[in-house]
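[1] Task: produce atomic coordinates for the following.
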Amino acid sequence: QVQLVESGGGLVQAGGSLRLSCKASGLTFSTNAMGWFRQAPGKEREFVAAINWSGVRTLYADSVKGRFTISRDNAKNTVYLQMNSLKSEDTAVYYCAAPVSSGTYSDTRPGAYEYWGQGTQVTVSS
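    All right, here's what the predicted structure looks like:
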């Protein structure tokens, strides 16, 4: 059974930083691309960032490029999202996700991801 457990969300002032973590189990983590998505109230779930199996290749939404960094530690089965220079529009529930099979990190569609965590709330106050 695949489980993805996010942590690290919280309340932060605009301009601040947070680091999200996602611990994976039940899948061959080291061969899977991984992604982060977010969903704000009343909006559709949107792609934030993705990373290939080795961590060499990454992809970001334009809205977070230059501010967020995705990384992974295959020895710990964990993927991270470092979020800097946070803005009020970054407020959302953030989800970690694993794609169908091993997947490709470059497919940004939510439908390309099979497994999802429960989400962690990030609130940025202005």
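[2] okay, which residue is most central for this structure?
    Trp36 (2.1 Å; Cα atoms, centre = their mean).
[3] Now do the phi/psi pair for that residue.
    Reported as degrees, to the nearest 10, the phi and psi values for Trp36 are phi -120, psi 140.
[4] what does Thr31 give?
    Residue torsions, per degrees, to the nearest 10, at Thr31 are phi -110, psi 0.
[5] what's the neighbour count on it?
    12 (other Cβ atoms under 10 Å). Where C-beta positions appear, they are placed from N, C-alpha and C, glycine not excepted.
[6] The residue nearest to the centre of the chain contacts Thr58, correct?
    No: counting by Cβ atoms under 8 Å, Trp36 sits too far from Thr58 to count as a contact (10.7 Å).
[7] is the residue nearest to the centre of the chain in a bridge, and if so with what?
    Ala49, Cys96 (DSSP bridges).
[8] OK, contacts around it?
    By Cβ atoms under 8 Å, 6 or more residues apart in numbering, the contact set of Trp36 is Leu20, Cys22, Val48, Ala49, Ala50, Ile70, Val79, Leu81, Tyr94, Tyr95, Cys96, Ala97.
[9] please redo it, this time with the cut-off set to 10 Å
    With contact set as Cβ atoms under 10 Å, 6 or more residues apart in numbering, Trp36 has these partners: 6, 20, 22, 47-51, 60-61, 64, 68, 70, 79-81, 83, 94-97, 117.
[10] Mutual contacts of Trp36 and Thr58, please.
    Common neighbours of Trp36 and Thr58 (Cβ under 10 Å, 6+ apart) are Ala49, Ala50, Ile51, Phe68, Ile70.
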